[in-house]
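Asker: build the 3D model from these lines:
(chains A and B)
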Amino acid sequence: MEHDNATPHVFPDARKPGELFYSMVFLATSAALLSMIFWQTSVLPGKGFAAQPRTWPLISLSGMTLFALANLVATSRSARTPGRWQEVVVWVRSLEYVGWYLLYVAAIPAIGYLAATLAFCLFMTWRAGYRSGLAFGAATGFALFVVLLFKSLFNVKIPGGAVYEYLPDTLRYIMIRYF
Amino acid sequence: MDVFLSGLEIIARWDVIAALLVGSIGGVMVGAMPGVGAAVAIAIMLPATFSLEPIVGLTALLGIYGSSMFGGAIPAILINTPGTPVNALTTYDGYPMTRRGEARRALGLAYSASFFGGIFSILCLILLAPILARIAPMFGAREIFLAALLGIVLVVVTHRGQVLAAGMLVCYGIFLKTVGLEGAGYTQRYTFGQTWLASGIDLIVVVLGLFALSQAFILLSDKDQKYELPPLAKSGFFSSMAEIFRFKRVATVASSFGVICGMIPGVGEFMSQFMSYGYAQKTSKTPDLFGKGNPEGIVASEAANNSVPAAAMIPLLALGIPGEELTAMMLAVFYVHNVIPGPQLFQNQLDFVVALYIALFVLNVLVVLFLLVSTNSLMKVMLIPNRFLGMMILTFSLIGVYSLRNSLKDCAIAAAFGVFGFILKRLNWPTSPIILGMVLGGLMEAKLRTAMARVETPWDFINRPIAFVLFSMIVIAIVLHVMSVVRDRRKAAGHV
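Answerer: Numbering: from 1, shown residues only, chains lettered A, B, ... in the order given. Down below sits the predicted model:
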């Protein structure tokens, strides 16, 4: 509590690693978007300010730019915490998980939800550094639980896999409908 | 009485009760897992509830919302890690009590204080319902615009130490909502000639990216935490829960703070918790024991945070204005089912509103009963390793995003917002202003357009009593904030 009362409202004492860099990126993006306002929005003749399509992008982008500028000034005046580029590396590393995630999404229409989910859960468990039979068993159980709950029970709208076309008629229907 | 009975009839159905049961038990479990939290769970569940009836979907989400804080107290007390961010203050006194061997007592107090807060706020809601039904129709376009603007201002000024970041992120949220084809003149805004941007940026995709995917990335990038669970006495829950009667005053004041903060858009659990904790400390006979295992601290924190959910439903139901990100997500469920929250809901569907209150009451009872019998087993969920949890959230998130339109593009946008949210969380910048900006920004644009058709001078905008009160609250909030900034700066200069 004491610490919180002493925390300044607007101007923090120290910044996190990478905060100045990101503040700059945010300001540059805000300013770039604001500069595009004349060709990305239009003005309707005979309409008041509140009814103009340009009004709210103008208000929001101006606000973004002003706050981002003030934030950059406040951040640059606060004490630096070393480790900016290490932090940027951590941000970039998160893209690896984005890649696996999108691969998982792309695999569903090809191999089906059940196989894609099983493969994704087992691979991510391995990638996260777990090697025990218990971890892989838990991942398999979790994948089956997710598929059975959402696809089989709740009928959540997820397409069947293209490979299901090669299955016998009865089995194909069951796989498309439930897995 | 008739309205109460029709409300009861609405929820007395097997599917509603099942949704309530799943939501409340699921919410406790999610709350007890550090690093997950109600926002992640609601974001994931949101698209799944679209295929359900509004009352079924909403009770499931209400269950998660209202019960996660009960569960969040468990790791806060036992392992000094809050299950949800709003249980942070519970660690101050809960964990020292655990170290003294009083874990069972601390948990019992946390459960009873949470229950007290929950029931107190529901009673306030029931008492306020007739007044709300009378006042809500007085809210026209300009009043709703001003109430939304008040929410925006409060979201910014209540982010202590992050005001500038909150300001730019709330504006970013407002901007995101403007992207696409606008409804007045059917012109394109910031679509860069891309047809897929013409329909705008989907709130659900942003919510899932910012809350669920970003949290999965955080957990996957972290090292696993090794927790040691303390031993828990097998009996004594009831006696420790009954101890709440020794702290009636603190519990009542804390719950009142929760109700007031919950009712004001943009304020919520954090502010109510800090105010209650501060009050409890100032009025305690043993203020020096706060932070060292004072039971009053647990009561203040838990009663305050658990009285917010019911109160936060007031602006949502009466005006269609969400107070924070969780109610913003629930608003999406209303819109999907074409149930438009606002003054008409209180006038025409009061039984629906009463049904939600009854559901809230039942969920509080269910959760306490569940916790009484399952705390020992529930402790095991804290042992799930971080990175395994990250994998689980990532798998669950796919259902939310992909089931919307089976679109890889949606998943890519959600992933982009996931990385954005990941960076914001690493920098300790808040993510909720973006969601509130998106929801309140769209509302403000529509209401301002309607209101200005009948306004000739600026005075016309605030010449009605409620509009004037709201405008005054906005001015007061800004003035108080500026004064506190100046005071802090002077104090800081004085120390140098």
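
Asker: can you tell me, leaving aside adjacent residues, what's nearest to residue 49?
Answerer: Going with chain A. Counting by CB to CB, 6 or more residues apart in numbering or on different chains, A:Phe49 lies nearest to A:Thr55, which is 5.8 Å off, once chain neighbours are set aside. For every residue, glycine as well, the C-beta is placed using N, CA and C.

Asker: wait, chain B was what I had in mind.
Answerer: Nearest residue to B:Thr49, sequence neighbours excluded (CB to CB, 6+ apart): B:Gly57, at 3.2 Å.

Asker: contacts only, for that neighbour.
Answerer: Contacts here follow CB atoms under 8 Å, 6 or more residues apart in numbering or on different chains; on that basis B:Gly57 touches B:Ala19, B:Thr49, B:Phe50, B:Val333, B:His337.

Asker: picking up where we left off before, show the pLDDT at the residue nearest to A:Phe49.
Answerer: The score at A:Thr55 is 93. That number is its pLDDT.

Asker: what's the single longest helix in chain A?
Answerer: Using DSSP state H, we find that the single longest helix of chain A is helix A:84-111.

Asker: which residues are in contact with B:Gly421?
Answerer: Here B:Gly421 is in contact with B:Gly209, B:Leu210, B:Phe211, B:Leu213, B:Ser214, B:Gln215, B:Thr431 (CB under 8 Å, 6+ apart).

Asker: would you mind pulling the contact partners of the host helix or strand of the fifth one?
Answerer: By that I understand B:Ser214. With secondary structure defined by DSSP states H and E, B:Ser214 is part of helix B:214-221. For helix B:214-221, contacts defined as CB under 8 Å, 6+ apart pick out A:90, A:93-94, A:97, A:124, A:128, B:35-37, B:40, B:386-387, B:389-391, B:393-394, B:397, B:417-422, B:424-426, B:431.

Asker: quick revisit: make CSV from the contacts of B:Gly57 and add secondary structure and pLDDT to it.
Answerer: Below are the contacts of B:Gly57 laid out as CSV (DSSP: H, G, I helix; E, B strand; the rest coil; pLDDT from 0 to 100):
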residue, secondary structure, pLDDT
B:Ala19, helix, 89
B:Thr49, helix, 79
B:Phe50, coil, 76
B:Val333, helix, 78
B:His337, coil, 71
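
Asker: and for B:Ala141, the neighbour number?
Answerer: By the criterion of other CB atoms under 10 Å in any protein chain shown, B:Ala141 has 18 neighbours.

Asker: and the one 10 residues further on, by the same measure?
Answerer: The number of residues packed around B:Gly151, counting by other CB under 10 Å, is 28.

Asker: wait, doesn't it sit right on B:Glu324?
Answerer: No: the pair B:Gly151 and B:Glu324 does not pass the contact test of CB atoms under 8 Å, sitting 9.2 Å apart.

Asker: got the contact list for residue 133?
Answerer: No chain was given, so I picked chain A. Applying CB under 8 Å, 6+ apart to A:Gly133 gives no contacts.

Asker: right idea, wrong chain: chain B
Answerer: B:Phe346, B:Gln347, B:Leu350.

Asker: which of the residues you listed count as buried?
Answerer: B:Phe346, B:Leu350 (16 or more other CB atoms under 10 Å in any protein chain shown).

Asker: can I get the contacts of B:Ala133 in a markdown table including pLDDT and secondary structure?
Answerer: Converted to a markdown table, the contacts of B:Ala133 look like this (pLDDT from 0 to 100; DSSP: H, G, I helix; E, B strand; the rest coil):
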| residue | pLDDT | secondary structure |
| --- | --- | --- |
| B:Phe346 | 76 | helix |
| B:Gln347 | 74 | helix |
| B:Leu350 | 80 | helix |
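
Asker: output the contacts of B:Ala133 in TSV, with distance to B:Val28 appended to each entry.
Answerer: As requested, the contacts of B:Ala133 are exported to TSV (distance: CB to CB, whole Å):
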residue	distance to B:Val28
B:Phe346	31
B:Gln347	35
B:Leu350	30
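
Asker: make sure A:Lys47 is indeed in a strand.
Answerer: No: counting by DSSP: H, G, I helix; E, B strand; the rest coil, A:Lys47 is not part of a strand but coil.

Asker: from B:Met452, how far off is it?
Answerer: 10 Å (CB to CB, to the nearest Å).

Asker: B:Pro322 now?
Answerer: Taken as CB to CB, the span from B:Pro322 to B:Met452 is 24 Å.

Asker: ok, and for stretch A:26-33, which residues are buried?
Answerer: Neighbour counts over stretch A:26-33 (16+ other CB under 10 Å) mark A:Phe26, A:Leu27, A:Ser30, A:Leu33 as buried.

Asker: gap between stretch B:186-196 and the chain center?
Answerer: Put simply, stretch B:186-196 sits 33 Å off its chain's centre (CA atoms, centre = their mean, to the nearest Å).

Asker: what does it contact?
Answerer: Under the contact criterion CB under 8 Å, 6+ apart, stretch B:186-196 has outside partners A:33, A:36, A:40-42, A:44, A:53, A:57, B:175, B:178-182, B:197-198, B:409.

Asker: where along chain A do the helices fall?
Answerer: Using DSSP H, the helices of chain A run over A:2-6, A:19-35, A:37-40, A:55-77, A:84-111, A:113-127, A:133-146, A:169-178.

Asker: same thing with the stretch 201-350 of chain B?
Answerer: For the stretch 201-350 of chain B, helices defined by DSSP state H, counting those that start in this stretch occupy the ranges B:203-207, B:214-221, B:237-242, B:248-263, B:268-283, B:295-306, B:308-319, B:325-336, B:343-348, B:350-378.

Asker: deepest-packed of these, please.
Answerer: Ranked by average neighbour count under the criterion mean count of other CB atoms under 10 Å in any protein chain shown, the helices of the stretch 201-350 of chain B are headed by helix B:295-306 at a mean of 33.

Asker: and that helix, what does it pack against?
Answerer: When contacts are defined as 3 or more CB pairs under 8 Å, 6 or more residues apart in numbering or on different chains; DSSP states H and E, helix B:295-306 sits against helix B:54-78, helix B:88-99, helix B:103-135, helix B:248-263, helix B:268-283.

Asker: need those in JSON lines (columns: distance to B:Phe361 and mean pLDDT).
Answerer: What follows is the helices and strands packed on helix B:295-306, written out as JSON lines (distance: least, CB to CB, whole Å; pLDDT from 0 to 100):
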{"stretch": "helix B:54-78", "distance to B:Phe361": "10", "mean pLDDT": "87"}
{"stretch": "helix B:88-99", "distance to B:Phe361": "23", "mean pLDDT": "89"}
{"stretch": "helix B:103-135", "distance to B:Phe361": "5", "mean pLDDT": "88"}
{"stretch": "helix B:248-263", "distance to B:Phe361": "15", "mean pLDDT": "92"}
{"stretch": "helix B:268-283", "distance to B:Phe361": "20", "mean pLDDT": "85"}
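
Asker: make JSON lines from the helices of chain A and add distance to B:Ser240 to it.
Answerer: Formatted as JSON lines, those follow (distance: least, CB to CB, whole Å):
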{"stretch": "helix A:2-6", "distance to B:Ser240": "29"}
{"stretch": "helix A:19-35", "distance to B:Ser240": "43"}
{"stretch": "helix A:37-40", "distance to B:Ser240": "60"}
{"stretch": "helix A:55-77", "distance to B:Ser240": "46"}
{"stretch": "helix A:84-111", "distance to B:Ser240": "42"}
{"stretch": "helix A:113-127", "distance to B:Ser240": "39"}
{"stretch": "helix A:133-146", "distance to B:Ser240": "34"}
{"stretch": "helix A:169-178", "distance to B:Ser240": "47"}
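
Asker: measure the closest residue to chain A within the stretch 201-350 of chain B to B:Ala48 for me?
Answerer: Residue of the stretch 201-350 of chain B nearest chain A, by CB to the nearest CB: B:Phe217 (4.5 Å). From B:Phe217 across to B:Ala48, the span is 22 Å (CB to CB).

Asker: and B:Leu389, by the same measure?
Answerer: Shown here: B:Leu389 relative to B:Ala48, a distance of 19 Å by CB to CB.

Asker: can you give me the domain boundaries for chain A?
Answerer: Chain A breaks down into these domains under automatic domain parsing: A:2-82, A:95-178.
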